[in-house]
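*Asks:* This is a predicted model, with the sequence first.
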Amino acid sequence: MLARSKTLALGSMLMTALWLTPALALEEDEKKEMGQFIREYLLENPEVMLEVQAALEAKQHSQRLEQAGQAVAANHDAIFNSQDDVALGNPDGDVTVVEFFDYNCGYCKRALADMEKVLATDPKVRFILKELPILGPDSLDAHRVSNAVRLIAPEKYGDFHRALLGSTGTATEESAIEVAATLGISEADIRKSMAENPNDQLVRDAYTLATNLGVTGTPTYIVGNEALFGAVGDDALQEKIANVRACGKSTC
């Protein structure tokens, strides 16, 4: 409590100095005296810097969420109604969850169980998978195969997604083709589709959308009007889903 009071006192002194400076410019010796006071205070109370850092991080997080919320509204159709995405769960669900993912993202692999739990416990959820290959050439190649699977056999995409994301090791073109083969999709058909339907523009569109939303990593979820950054867990997802049902927003 004492440290808090000292912090407020220091803040008040600094604000007073800044307020008065335009009208009553400080003399050089006064500037030095104030600078020395601030230095001594911070050395004696270094925890103040932790408070400042925490406040800065909280402010930046709040600004990021605000930017994402505005971007969700501005890019609603691209997020929730793109014909290039596959939705699992209830196609007519009353709440939609969107997940940006990369097949080589370790956090996405662990978060696969969160998606499965949400879908298993809530039959009214529509879960959109939005591909965002950001982890290098292998990811790009794996996602090209994934796009081919979507075009050739969209009904098998969910099983393909679960198998590839749930696998160990690096997802590559070869490993993705092997997964597709286990589902009865031939390598020849995959390669033909990739040649005829390159997904370069889809990837560029995904990058643009992610940039607009402030997405810098995977997984990132969109629920209602909010972006959730990172593998937040199924409890957090279900809480946001419940809020959307209750008040139409992810935070009531």
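*Replies:* Great, that's in hand. Numbers count the residues shown, from 1 in each chain.
*Asks:* where in the stretch 151-252 of the chain is pLDDT low?
*Replies:* In the prediction, the stretch 151-252 of the chain carries no residues with pLDDT under 70.
*Asks:* Repeat that for the stretch 1-150 of the chain.
*Replies:* Answering for the stretch 1-150 of the chain: the residues below the bar, that is pLDDT under 70, span 1-26, 61, 64-65, 68.
*Asks:* How are the helices of it distributed by residue range?
*Replies:* In the stretch 1-150 of the chain, the helices defined using DSSP state H, counting those that start in this stretch lie at 2-20, 28-44, 47-74, 76-80, 106-121, 137-152.
*Asks:* Just send these back as a markdown table, with distance to Asp205 and mean neighbour count too.
*Replies:* For glycine as for every other residue, the C-beta is placed from the backbone atoms N, C-alpha and C. A markdown table is the format used below for the helices of the stretch 1-150 of the chain (distance: least, Cβ to Cβ, whole Å; neighbours: other Cβ atoms under 10 Å):
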| stretch | distance to Asp205 | mean neighbour count |
| --- | --- | --- |
| helix 2-20 | 46 | 12 |
| helix 28-44 | 48 | 11 |
| helix 47-74 | 14 | 13 |
| helix 76-80 | 8 | 15 |
| helix 106-121 | 20 | 17 |
| helix 137-152 | 12 | 22 |
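*Asks:* Reformat those helices as TSV; add distance to Glu187.
*Replies:* Converted to TSV, these look like this (distance: least, Cβ to Cβ, whole Å):
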stretch	distance to Glu187
helix 2-20	65
helix 28-44	64
helix 47-74	39
helix 76-80	32
helix 106-121	24
helix 137-152	10
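*Asks:* Would you mind saying which of the ones you listed lies nearest Pro219?
*Replies:* Among the helices of the stretch 1-150 of the chain, the nearest to Pro219 by Cβ to Cβ is helix 106-121 (4.8 Å).
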